[in-house]
Structure formats: C-alpha cells, structure tokens
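In: Make a model of this:
(chains A and B)
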Amino acid sequence: MPRPTPHGRKAAKAPGFKPAKKAGPKNRWSNEQRAAQGHKPRKAWEPREERQDRGYRSDDRRDQRSDDRRDFRADDRRGFRADDRRDAPRTDSPRTSDSRGRNFESARPSDERRGYSSERREGGFGGRAPRKFERDDRGHRGDRRDERNERPRFERDDKPRFQRDDRPRRDDRPRFERDDRRDDRPRFDREERGARPGYASRPVRQEPPTRWEPRAERKPWDRPERPRREERGDRPRFERDDKPRFERDDKPRFQRDDKPRFDRDERRGRDERRPAWGRDEKPRFNPERREDRPFSEDPDQMSWTATDLGEIDETGVEEGQGFAALGVPKIIVAALDKQGITAPFPIQAATIPDAIAGRDVLGRGQTGSGKTLGFGLPMLTRISQADPTGGAPRGLVLVPTRELALQCADVLAPLAKTLRLDLTLIAGGMGYGPQLRAFERGVDIVVATPGRLIDLLEQGAVDLSQVMVTVLDEADHMADLGFMPAVTTLLDSVPADGQRLLFSATLDHAVDRIVKKYLHDPVTHQVDTDRASVSTMEHQLLQVLPHDKNAITAEIANRKGRSVLFVRTQMGANRVAEQLRGAGVMAGALHGGLTQGARTRILAAFKEGTVPVLVATDVAARGIHVDDVSLVLEVDPPMSSKDYLHRAGRTARAGEKGVVASIVLPHQRKTMARIAGQAGVKVDPLPVRPGDEKLHETTGARVCESAPIEEAEYERLIAPRRGGGKGGPRQGGYKGGRGGGYRGQGGGGYRGQGGGGRRFGNDRGDRGGNQGWRRER
DNA sequence: AAAAAAC
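Out: Residues are numbered from 1 along each chain as shown, chains lettered A, B, ... in the order given. Predicted coordinates:
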C-alpha cells in the first residue's frame, strides 16, 4: 500500500516536504463557472452582526420571512420580485443553471440569505488574494493562525457557534403553539402549495373538481350492445375457463389442496381434529354422512354395547363370603364369579358396606386396586333395590376422559344387565343418535363425561332429577380448575339429598370445595397411602443429556413388550411417535386432539399388540387399564406428584410387575427430584448414555437397528375398519370366536343397532389370553 | 401451564 501523500498542516511538518509555490491569488472559479461545472455556488460570508440580526428565535424568523415576502423594496434590493422569481428570470444575467436545472434566479430566498445573491456575486470574489493581515471579502485573512500568533479558535471568543453560549435557543413549544406552524390543512385544501413560512409561494395547479354524476346519466343505449351468448358461440360460464375464481383450478392458494402445510390436515395426521376456526367447513349434523347416521355402525363412532354375560346362575353363591358378605346381591356375586372375580380388594371391602348403607364416601385406593367396582357395586345394589322411576336415570358416574367412561361402562354394564338395569354411555365424539334414543327408551345408570352430558341436559334430553347416586371417578381431577364448572353444573342438577361417592387414587384436599358443598357427613376410606407404594413397581430416574434424549427414548421404546410413553403436549406426542417410527419402532400417538375414531383405533391397536408403543398425553394417565404394560416411560416429566402416580399406575396393575422410568434433563433435575420425593419415590438419578448396558438392564432398552417404518404401514395398522356390514371379517370372527356359553342373546335394548361396532375392553375375549383392555375392578 | 371435557 502506498504511503498516503502528506497534505495540509501535516504536510508542512513532513520531512523533506517542500511547500508548493504559494504566490499569487488562488485560482478560484467564479460562481458562473462553478455552476457550469455542476457545482453549487460558493458560500459567501456575511458579517456576524447581520446573522445575529436575522435572529434564530422562531417568531423573529417568521417575521423576517414574512417581511421578506412582502417587502418589495427588499426584493428589489436583491434584484427581483417574488412574483417574477419563477416565471421571469432576470435577463441581464447569463442563463446558467446547475446540474439540477436550478439557476440563481430560481434560488429560494433562503439561498439568497446564505449569500448567493447576485450583489455579492458581482462584488464578491475574484481579484487578488488578500495580503497578510489583510482581510479578504469573506473576512478571511490570508495567513495561517500560527503565523498570526493567535490562540486556537476554541479558546477565542469567536469560537465556533456550537461551543459558544449565544447559540440560538430552540423553540421547544409544540408545533401548534409555535408561530411558524404549518398550515395543517391537507395539501389540496390550501390556497397555495408550499405555503409554509419562508418559502416562496407557488401557484398550485388547480384541477377542476370532479363532479359526481348520477348513474342514470349513463343511458343503457349509450353502451354498445353485447352480442348474445349464442351469437358469441361460447359455452356457459361454468363450462368456460373464465369462470369465477373459486371454481377454477388456479384459485388462490388457501383454497387449493396444496395450500401451505400448516393449514393442511396432513400435517397433523388424517385423524387430527382441527379447531373449528381453522376448518373449512364446520362440522354439522348431516344425516347423509355415514358417521352422522343415528344407527351408525362406524367404529369411529364407537357404537358401544354392553358385554353380555349370558345366563347367571346364583344358586351356588355362598352367603357371608366374599362380595356377598359386603351386601352385594347374590346375582351380582354370581356374575362377578363368572368373570373370575371372587375376592374383594381392600378398597372394595372398605367402601362397599358404607356405600350400600347410603352414606357419602370418599374412597382412595391405589391405581389398579379396583375402585370402579368399589363404587359400581353399591350403586347397582342401591338402584336395583329402589323403586323404578319410569325411565329417568337414578345413577350417574362422571369421569374425566372418554376412554375412561368407556372402560367404566364396560365394567359396569354387564352387571347392570344382570339386574335388568339399563346403563348407557354418554361421551363426546360419538354419535348423538344412540345417546338420545337411549334416554327416550329409559335409562337407569349414566356413565358420562361432563361435556356431552351438559350438552344433552341443555337440549332437554336428560332429566337428572331422579338421580340417587352420583359418583365422581378421579374426583381430584374432576375438581381441578378446568373441570370444576361442568362438575358443579351437573352436581347442581341432581337432587341435593342424593348420595355422592368420590373416588381417586390421589384423593386430597383438591376436592374440599366439592365435599363441603355437595357431601353430607362423608366417610373416608383410604386403604393405601398416596405414595408410590406399589411393591411390584420399580422406579427409575434417568439422567439424560439433552442431545441424547431422542436416542434414549427410542432405545427404551424399542424394548420388548408393551410400553406407554407420556409426554406433555399433544404435538409432543405426535412428534415422539413420528420419531420413533423413523427409528424403526412401531409407535402411535394418543391425545385429545385426535378424532374419537383415531383415539379408539390407536388404543385398539395398542391393545392388540400391533402397535406396542403408545405415546400419550395425560389423557391416558388416569384410570385406563391395559394388561401387560411392562414399562411406563415419562419422556416429559409430570406436572405434579399426583400426575406421576397416575402415569406410573398404568403399569404394575393388579399385582403385575412394571417399571416406571423418567427421563430427567439437567434443567429438570430439581423439579423432578421434588415430584419424585412427594410421590414417595426414593431412587438416585442414574446418568445414562445411549447404548449403555445399565439402560438395558433397568428398562430393557435396545439399540434401534430396524429400518424406518413407513407411514403407510402404520396407517394400515390403525386404519378404520368396518365393524358392521354384511359378514365383515371382524363381526364374523367376533361372534364365532365367542365361547359357547356366551353366545346367545346377541343384542337386546339399543344394541339392535348392529352390535358390530368396535369397542374397548372385555368384549374381545375371542382373542384368548389376557391381552387388551381389562376391566378395572 | 397443558390437557381434558361438546358441537
């Protein structure tokens, strides 16, 4: 890089530098010459007194300017009048203009004041350079300061303005208070353009105002006549390509099928529900649509039927033993016997007698300890002994999720049937038809999720005034913020003096409000502690690094046997399930954002074992029973120790073994330690990496080596299957596979609808073994 | 703070 040439004052000091010849006047262009070269005119100096006089206080300036505009003598002094400034440039000066086409005559007054006036120009520059100590016409002296032996400028009184105290003061008043305010009217409304103070007034081009003319003035006969379509020979519009946009194929993107991903159904999966505001069409009851037909046999609609236990022989039942000793009618005992249920569980033994006696009961029993029968048997017993009401329900069971409602109904319906009581399932996501018809026909017991029951209540389809027993399953959950309004609505619409039974594995003070308002002298039975004291359950906290989480999740999910993975959000469930399939593990997501049909199918596939890994939100955390779930993996930590216990309770049910493993990321350690401590889990976190032997030992994890699972393959497994129809494979297999003793009364009551609908639970004994959903006793 | 519960 070349050394920069020294210049200026530095240059003088640079060694060996000879100052250029400094003789004679500096060769400056005249302003005309400058203008011809496209330069601005050189600034002229004006004495300070004058500048100060002009004043910088705004009002002064305004006055000065308006004076400028009005004072013709002043204009004359400058050599022109405002009026001719634009249109009649002075002819006595050469017609030169700068690069922007401006010439001095068109310069604005402000320019004039800057010293570009013709007078200055005439008398100004040129001539010889001033001698030392002699001022030139700009007041400059032709020497250097050091030669003049002066102090530097900032020390002198004539230091630059920004350093002096006599700087003009800003007018800080808001514009509308200032005198130099602008004309606020819109441009078109001002008399003249640029009528701001200090600017030359310029005539504004006046457009003649556009007149509104009445439409009638355009007479139809003024228009050229359009040939008729036949003459034009073109096809009607809907056949042509210029048909309106919404009918064409190039319609805007959001109307097309390849609209952006976030709006497409595929993104969330075929069965995903979109919120109503995002859907193209709101779902409506449409009798033409298969799933809306009242007698739908679509498995998606989960037309639900009770299992028939067949003939019940109560002769062999011994008094004073087992359930009979608790006051349960003999015929029920026999029915239970037939299902292999003989000895009551502790929670049942504790609560049944009190509940049959009609007392309000708070029951707490560990997960999988048989709470359903704990409240179900006394409810059935009391209702069967009461007087009939002529069709209005006398028993009400409220549960927090549809799956749980289904499971609960599956457990209780066969027993109700043996007592000739009608039990119906009321839950969202299923057709209205069967539910409405059930109430028309008469119902004794309702197992329901709150939303749909309130819906039917508002429709006037349900009369809850005859309910004598009300049950809240998972009562602590039903008492939480989101459920509370619905629950109180329903509790308000049943008789105040009825019996209330509240059950949960984690019954605590959350239910206090309900207890205080709706229960009378309740008796509390807590058979177990609310700690994770299930002896067959093994707990593990897996300390995992964030970048290992997916791999470890996949390795654990790749184990042998059925596993339930819990995640925090619906999208998380989708994502994890997708990732697992990508890693070659057949997994399906279950959450409340799916259609009921999809929820049902993925659960059924899980039950069958075709999809051995279920990735679920907390929708599956409570109450749901699947046999042989040997591992629960908490991919995301639970929100509370209660959630932990309920999630963990999906395994190690009814005496089986099970492992509960929780992935703990570094930032989750404290929270998880607290939650585990509250849940009574006393284990040290185990740091693990993918592929660790320890991981295999504790959870049975295996490194994933299979090829990714194609979506189509997964889809096939959870595809809707026609349960009904003529000789559908499932229906045929279902009936034929039944044990001889269970054959027979194929469908009573509202099961006339076909009976082939897919259901949860214990109707699938045809498969043999103890796979699948089992009733929670 | 998410999920669940009705269309």
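
In: you'd agree A:Gly700 is up against A:Leu631?
Out: Yes. Using CB atoms under 8 Å, A:Gly700 is in contact with A:Leu631, at 7.1 Å. C-betas here are computed from N, CA, C, even on glycine.

In: what do the two both touch?
Out: Residues touching both A:Gly700 and A:Leu631 (CB atoms under 8 Å, 6 or more residues apart in numbering) are A:556, A:559, A:561, A:659.

In: and which of these is nearest A:Gly442?
Out: Proximity to A:Gly442 was ranked across those by CB to CB; first place goes to A:Gly561, at 44.8 Å.

In: More neighbours: A:Gly700 and A:Leu631, which one.
Out: With neighbours defined as other CB atoms under 10 Å, A:Gly700 and A:Leu631 compare such that A:Leu631 has more, 27 against 18.

In: Over to that one. Which of the three states is it?
Out: When the structure is split into helix, strand and coil by DSSP: H, G, I helix; E, B strand; the rest coil, A:Leu631 lands in strand.

In: For the nearest residue to A:Ser493 once chain neighbours are set aside, grab the count of nearby residues.
Out: In space, not counting the residues next to it along the chain, A:Ser493 is nearest to A:Leu464; the distance is 4.8 Å by CB to CB, 6 or more residues apart in numbering. As a burial measure, A:Leu464 scores 21 neighbours (other CB under 10 Å).

In: ok, A:Leu464 - contacts?
Out: So, once contact is read as CB under 8 Å, 6+ apart, A:Leu464 ends up touching A:392-393, A:396, A:457, A:490, A:493-494.

In: Out of the shared contacts of A:Gly700 and A:Leu631, who's the most crowded?
Out: A:Ile556 (28 neighbours).

In: which helices and strands sit right next to the helix or strand where that residue lies?
Out: Taking DSSP states H and E as the definition, one finds A:Ile556 inside helix A:549-557. The helices and strands touching helix A:549-557, judged by 3 or more CB pairs under 8 Å, 6 or more residues apart in numbering; DSSP states H and E, are strand A:562-566, helix A:570-582, strand A:629-634, strand A:658-664, helix A:693-699.

In: angle of it against helix A:570-582?
Out: Computed with axes from the mean of the first three to the mean of the last three CA atoms, to 10 degrees, the direction of helix A:549-557 lies at 70 degrees from that of helix A:570-582.

In: got the buried residues for helix A:549-557?
Out: By neighbour count, with 16 or more other CB atoms under 10 Å as the criterion, the buried positions of helix A:549-557 are A:549-557.

In: Quick check: mean pLDDT of it?
Out: Per-residue pLDDT values across helix A:549-557 average out to 95.

In: Could I get the CA-only coordinates of that helix as CSV?
Out: In CSV, the C-alpha atoms belonging to helix A:549-557 read as follows (Å, rounded to 0.1, in the frame of the first residue of the first chain):
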residue,chain,number,x,y,z
LYS,A,549,-33.0,-37.6,24.8
ASN,A,550,-34.4,-38.8,21.5
ALA,A,551,-32.0,-41.6,21.1
ILE,A,552,-32.6,-42.9,24.6
THR,A,553,-36.3,-42.6,24.2
ALA,A,554,-36.1,-44.6,21.0
GLU,A,555,-33.9,-47.3,22.6
ILE,A,556,-36.2,-47.7,25.5
ALA,A,557,-39.3,-47.8,23.3
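
In: contacting residues around that helix?
Out: Under the contact criterion CB under 8 Å, 6+ apart, helix A:549-557 has outside partners A:542, A:544, A:563, A:565, A:576, A:579-580, A:583, A:585, A:587, A:613, A:631, A:633, A:635, A:661, A:663, A:665, A:688-691, A:695, A:699-704.

In: Just the buried residues out of the residues you listed, in ChimeraX syntax.
Out: For selection in ChimeraX, the members of those meeting the burial criterion (16+ other CB under 10 Å) are listed in this command:
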select /A:542,544,563,565,576,579,580,583,585,587,613,631,633,635,661,663,665,688,690,695,699,700,701,702,704
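
In: Filtering the contacts of helix A:549-557 by proximity to DNA strand B, which remain?
Out: The subset of these within reach of DNA strand B, by CB under 7 Å from any atom of the strand, is empty.

In: and A:Glu403, what helix or strand is that in?
Out: With DSSP H and E as criterion, A:Glu403 is part of helix A:402-418.

In: A:Gly340 now?
Out: Here A:Gly340 is assigned to no helix or strand, by DSSP H and E.

In: hang on, the earlier thing: and the helices and strands packed on helix A:549-557 as CSV, adding mean pLDDT?
Out: Compiled in CSV, the helices and strands packed on helix A:549-557 are given as follows (pLDDT from 0 to 100):
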stretch, mean pLDDT
strand A:562-566, 96
helix A:570-582, 95
strand A:629-634, 95
strand A:658-664, 95
helix A:693-699, 93
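
In: Mind checking these for the one nearest to A:Ala386?
Out: Among the helices and strands packed on helix A:549-557, strand A:629-634 comes nearest to A:Ala386, with 38.5 Å by CB to CB.

In: Strand A:562-566 and that closest one, what's the angle between them?
Out: Between the axes of strand A:629-634 and strand A:562-566, defined by the same axes, to 10 degrees, the angle is 20 degrees.

In: following strand A:629-634, which helix or strand comes up?
Out: helix A:641-648.

In: That following helix near DNA strand B at all?
Out: No. Residues of helix A:641-648 contacting DNA strand B under CB under 7 Å from any atom of the strand: none, with a closest distance of 7.7 Å.

In: Need the contact partners of that helix.
Out: Identification of contacts with helix A:641-648 by CB under 8 Å, 6+ apart yields A:367, A:476, A:505-506, A:508, A:530, A:532, A:534, A:537, A:539, A:564, A:566, A:618, A:621-623, A:632, A:634, A:638, A:658, A:660, A:662, A:675-679, A:681.

In: from the residues you listed, which ones fall inside strands?
Out: Assignment to strands by DSSP state E places the following of the contacts of helix A:641-648 there: A:537, A:539, A:564, A:566, A:632, A:634, A:658, A:660, A:662.

In: Which member of the residues you listed is positioned nearest DNA strand B?
Out: Of all the ones in strands among the contacts of helix A:641-648, the one with the least separation from DNA strand B (CB to the nearest atom of the strand) is A:Phe566, at 10.3 Å.

In: ok, that closest one touching A:Asp636?
Out: Yes. Applying CB under 8 Å, one finds A:Phe566 in contact with A:Asp636, separated by 6.9 Å.

In: Tell me the secondary structure of A:Thr470, please.
Out: Counting by three-state DSSP, the backbone at A:Thr470 sits in strand.

In: Based on its surroundings, how many neighbours for it?
Out: Count around A:Thr470 with other CB under 10 Å applied: 23.

In: what about the closest residue to A:Ala349 other than its chain neighbours, how many residues close to it?
Out: Beyond its immediate neighbours in the sequence, the residue positioned closest to A:Ala349 (CB to CB, 6+ apart) is A:Leu326, lying 6.4 Å away. Number of residues near A:Leu326 (other CB under 10 Å) recorded here: 21.

In: you'd agree A:Leu326 is up against A:Pro344?
Out: Yes. With contact taken as CB under 8 Å, A:Leu326 and A:Pro344 are classed as touching, separated by 6.3 Å.

In: Flag the shaky bits of the stretch 301-450 of chain A, pLDDT-wise.
Out: A:301-303 (pLDDT under 70).
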